[in-house]
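*Asks:* take a look and give me a structure for this.
(2 chains)
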Amino acid sequence: MIEGVKRIDTNEWEVPEGFIPGMRVPGRFFLSESLGQSLEPGALQQLANVATMPGIIKNALAMPDIHWGYGFPIGGVAAFSLEDGVISPGGVGFDINCGVRLMTTPLSFKDVSGRRDLVDQLFHAVPTGVGAKSSLKLSPKSLDAMMTTGARWAVENGYGVPRDLVRCEESGCMKGADTRSVSVKARQRGVPQGGTLGSGNHFLEVQVVREIFDPVAAEAFGIREGQVCCMIHCGSRGLGHQVCTDHLKLLEAATKKYQIKLPDRQLACAPLTSPEGREYFSAMAAAANYAWANRQMITHTTRQVLSRMFRIDYEDMPLVYDVAHNVAKFEDHVVDGKSMKVCVHRKGATRAFGPGSADIPHELSSIGQPVIIPGSMGTSSYILRGTKTAMERTFGSTCHGAGRIMSRSQAKKRMSGKEVTENLLKEGIIVRAPHENAIADEAPDVYKPSDEVVQVVHDVGISRLVARLTPVGVIKG
Amino acid sequence: MSFTELPHTADVKIRARAQTLEALFSDAFDALMQVMYGKDRRGGTSKEIDVESSDNEALLADFLSEILFISEVDRLVFSRAEIRIAGGKLHAVLDGEPFDPSRHAGGSEVKGISYSGMSVTRDTNGYMLDIIFDV
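*Replies:* Down below sits the predicted model:
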């Protein structure tokens, strides 16, 4: 482990105050010994940087998929007091409400095994990759409605069923969105991209449930072994990226105005009570809603393809859940025995609310929130459930994915996209992307093994394993 | 004029060295376009942009963010930038072409220009830049 870090427990480590000057609280992160071998010093430095921010409560936290990002480390979580705390785009990221959702189908593995036509049809139906254009013609009024009511706008416009909303974090619509805080530039980027997947690590996968760890929770989530599911991973596209860019500039000025000292410019922030802080929150919420509507539209397209190909009812493909993993939110948490509202930033971390939480679907109140952890394209994805331990220790948060261990240029040098595709095909996984580079970039072993990452959160108890899924069809952006 | 890619697990880190600030910014511009659209980029369509910022890092971040915006909204892929910098103001004339999926789809979408890990320094050999693109 990196020098200066203290071991607290088998999978828990502390970055003590004084690791860098100006820390207000210690940093804490969860990592197994073996995952610790690939931990970058830059990621720890970023965790310590977060601990210097005004109004931070208890600890700057990082989940076991911690890696070197910008502003917060990826896997970073921090809660801020409403009275003297701050809000920062560096704790959310450029891709506001990047998130993931899982939808079940009545199909079984044998129905989809080797079906290249399914992957081809999904690939043609969902615009993907750099420069992809939406077939949807969004009017300025529709864009406003989309940013105000999120997935609800999508459902009201025929892109889903009301039940989908119950199965989204925040019901797919974050309160407090104000489209007046969203610039003309961000709107211009948002109009042509509704319903597009994007590129990078974003994907649409056809997966099969391979293993059930928790039968009671799996049944409550509507998941059975052998079942075909679809997982969608994407965010707020250029609209969200522009909101972050615009407000980073505004908040940089606010950082000076409010005389906040920061070790990294990307952590630019403003007091939650300030006009600048409130404005960023309202724009971020609008972008988050755009992302929920976007994932809802891609779900709709996916259902249409499956309905047509397999003659199954649209309504027989319910959503298990939709989680946001790049977002700042106002939530109630118990701090020092007292319930209080705080602003939780999750940058590459997933909300994992436990049983009894008011903000999870009523029918899952005894189980906990479904947590969706995507793997890389050749490895398993996992469904977990939120826990009371997460509420007590991580402001109701857990990991969000596997976390890269190899750069994109290294990945491309090592193996071509064609080779990766052929290797995956041997394992029964059909991959399609607009360009083979996108496949080489995202080869399975450029990520930490997802199994090890989820085992840590399971062992620490900040979420518990429910099911494991593996891909049979992958659409990369 | 040149740039190199440095190891970075999650994103793309670029280092460039140049004799003038204008040449340094031009290298960063070239790196951004290459990461997004590859090397086969041609001219024919021109655009002019103006950016004003408080210091060199902010000027670079704002300049590249503006390129990201124009490239996406106008669906243009740029091959060259003539840059003038004076008194915290940047003026650039860009030369490019419409996005062509057959030649430009192999890159990575850049989500934003990060201040984390960004530095513009100057010594007797000229300017050096480190920058991270969020992809």
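
*Asks:* any idea which helix or strand in chain B has the lowest mean pLDDT?
*Replies:* strand B:2-6 (a mean of 90; mean pLDDT, DSSP states H and E).

*Asks:* near chain A, anything from the helix or strand following it?
*Replies:* For strand B:2-6, the following helix or strand on the C-terminal side (DSSP states H and E) is strand B:12-18. Yes - Strand B:12-18 reaches chain A (Cβ under 8 Å from any Cβ of the partner chain) through B:V12. Placement of C-beta: from N, CA and C, glycine included.

*Asks:* neighbouring strands - and their directions - for strand B:12-18?
*Replies:* strand B:2-6 (antiparallel), strand B:126-134 (antiparallel) (DSSP bridges).

*Asks:* surely A:S199 is in contact with A:V130?
*Replies:* Yes - with contact defined as Cβ atoms under 8 Å, A:S199 and A:V130 form a contacting pair (5.2 Å).

*Asks:* between the two, which has more neighbouring residues?
*Replies:* Between A:S199 and A:V130, A:S199 has the larger neighbour count (other Cβ atoms under 10 Å in any protein chain shown), namely 30 against 26.

*Asks:* any idea of the pLDDT on the more buried one?
*Replies:* Per-residue pLDDT puts A:S199 at 87.

*Asks:* please settle this for me: is B:F25 part of a helix?
*Replies:* Yes - when classified by DSSP: H, G, I helix; E, B strand; the rest coil, B:F25 is found to be part of a helix.

*Asks:* gap between the two ends of stretch A:258-267?
*Replies:* End-to-end distance for stretch A:258-267: 14 Å, by Cα to Cα, to the nearest Å.

*Asks:* from the middle of its chain, how far away would it be?
*Replies:* 25 Å (Cα atoms, centre = their mean, to the nearest Å).

*Asks:* check whether that stretch contacts chain B.
*Replies:* Yes - in terms of Cβ under 8 Å from any Cβ, part of stretch A:258-267 sits within range of chain B, namely A:264-266.

*Asks:* so which residues on chain B come close to chain A?
*Replies:* So far as Cβ under 8 Å from any Cβ goes, chain B lies against chain A at B:5, B:7-12, B:36-37, B:57-58, B:62, B:65, B:68-69, B:72-73, B:75, B:99, B:101, B:104-109, B:111-118, B:132, B:134-135.

*Asks:* buried members of those into PyMOL, please.
*Replies:* Here is the PyMOL command that selects only those of the residues of chain B next to chain A that count as buried (16 or more other Cβ atoms under 10 Å in any protein chain shown):
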select buried, chain B and resi 5+8+9+10+11+12+36+37+57+58+62+65+68+69+72+99+104+105+106+107+108+109+111+112+113+114+115+116+117+118+132+134+135
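
*Asks:* out of the residues of chain B next to chain A, which are inside helices?
*Replies:* The helices in this structure, assigned by DSSP state H, contain B:36-37, B:57-58, B:62, B:65, B:68-69, B:72-73, B:101, B:104 from these.

*Asks:* does the strand or helix carrying A:A79 reach chain B?
*Replies:* Using DSSP H and E, A:A79 sits in strand A:72-81. Yes - remark: strand A:72-81 sits within contact range of chain B at A:I74, by Cβ under 8 Å from any Cβ.

*Asks:* can you name the residues that contact A:S450?
*Replies:* A:373-376, A:379-382, A:401-402 (Cβ atoms under 8 Å, 6 or more residues apart in numbering or on different chains).

*Asks:* look up the closest residue to the residue nearest in space to the middle of chain A, ignoring the ones flanking it.
*Replies:* Centrality entry for chain A: nearest residue to the mean C-alpha point is A:H325, 2.7 Å, by Cα atoms, centre = their mean. Using Cβ to Cβ, 6 or more residues apart in numbering or on different chains and skipping the chain neighbours, the partner closest in space to A:H325 is A:H400 (3.9 Å).

*Asks:* quick one: secondary structure of that neighbour?
*Replies:* Quick answer, by three-state DSSP: A:H400 is coil.

*Asks:* B:D95 too?
*Replies:* With three-state DSSP as the basis, B:D95 sits in strand.

*Asks:* and it, bridged to which residues?
*Replies:* Going by DSSP bridges, B:D95 forms beta bridges with B:S46, B:R80.

*Asks:* wait, doesn't it sit right on B:V77?
*Replies:* No - taking contacts as Cβ under 8 Å, B:D95 lies outside contact range of B:V77: 10.5 Å.

*Asks:* when these two are compared, which one has more neighbours?
*Replies:* Set side by side, B:D95 and B:V77 show more neighbours around B:V77, with 24 against 17, by other Cβ under 10 Å.

*Asks:* list the contacts for residue 40?
*Replies:* Here I'm looking at chain A. A:67-68, B:9.

*Asks:* the chain in question should be chain B.
*Replies:* Counting by Cβ under 8 Å, 6+ apart, B:D40 has contacts B:103-104.

*Asks:* which of the three states applies to it?
*Replies:* Going by three-state DSSP: B:D40 is coil.

*Asks:* mind listing what's buried in the lengthiest helix in chain A?
*Replies:* For chain A, the longest helix by residue count, based on DSSP H, is helix A:275-310. Using 16+ other Cβ under 10 Å as the test for burial, helix A:275-310 gives A:276-303, A:305-307, A:309-310.

*Asks:* need the helix or strand of chain A with the lowest average pLDDT.
*Replies:* Result, chain A / mean pLDDT, DSSP H and E: helix A:408-414, a mean of 83.
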